[in-house]
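1. Build the 3D model from these lines:
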Amino acid sequence: MIEIRIHGLGGQGVVTAAEILALAGWQFGFWTQAMPSFGPERTGAPVSASLRFADAPVLTRAPIARPDWLILTTDKALSNPDTLAGIDRRAKLLINSSANSATLSAKIAKLKAKIYTLDAKKIADDLASPLAANSALLGGWAAVSGLIDLESLQSAIAEKFSDKKNELIQINQQAAKEGYRQLYAQTR
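-> Now for the predicted structure:
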């Protein structure tokens, strides 16, 4: 079983990102489960969501204490002590940040975890759609994790946003493709 936690701030689409990733995993052939975790809903407040990918039905609903992957929708989430709870050297982090991996690694060196960064905000801004940053981040995660393919992710984006304008779907798919392209190029 692969366990993933996504951390960010209220209003950044953390829960939506987990749902899209779970849909993509399901379409790729995994059994999946996504669970939001947040207190009072407030823009800017810490928010997290968890998801699991498995080869068999996921029966546990327990919180994820030691994630295999940690995805941060903003590097500001690093200031919340709960964000890094349970992270050890086997974990991998993907952080939406304009800083490079080495800079962030130095800040959180005690973790000794593998850290990837992607400036998903810039990708979204270049597409004139700031809310597409999470799609770029999920595309980057697909590239570095190798657990799902870009086609499954783009299909999940279309399904999740099926009640929205086609333009929104296309922008998010384009953001995912660019995030995938950038991190694939960095890691190969």
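
2. how far away is residue 165 from residue 187?
-> Distance, residue 165 to residue 187, by C-beta to C-beta, to the nearest Å: 33 Å. Using the backbone N, CA and C atoms, a C-beta is placed for each residue, glycine as well.

3. ok, these two, which is more surrounded?
-> Legend: neighbour count by other C-beta atoms under 10 Å for residue 165 and residue 187, higher for residue 187 (12 against 9).

4. Can you show me the helices along the protein?
-> For the chain, applying DSSP state H gives helices covering 14-28, 101-107, 120-126, 133-145, 150-160, 166-187.

5. how far off helix 14-28 does the last one point, in degrees?
-> What it means is helix 166-187. Going by axes from the mean of the first three to the mean of the last three C-alpha atoms, to 10 degrees, helix 166-187 is angled at 80 degrees with respect to helix 14-28.

6. and helix 166-187, what does it pack onto?
-> Secondary-structure packing of helix 166-187 (3 or more C-beta pairs under 8 Å, 6 or more residues apart in numbering; DSSP states H and E): strand 114-118, helix 120-126, helix 133-145, helix 150-160.

7. got the buried residues for it?
-> For helix 166-187, burial by neighbour count (16 or more other C-beta atoms under 10 Å) applies to 169-184.

8. wait, which of those is closest to residue 15?
-> residue 172 (15.4 Å; C-beta to C-beta).

9. Am I right that residue 132 is in contact with residue 172?
-> Yes: counting by C-beta atoms under 8 Å, residue 172 is a contact partner of residue 132 at 5.1 Å.

10. tell me which helix or strand of this protein sits lowest on mean pLDDT?
-> helix 101-107 (a mean of 69; mean pLDDT, DSSP states H and E).
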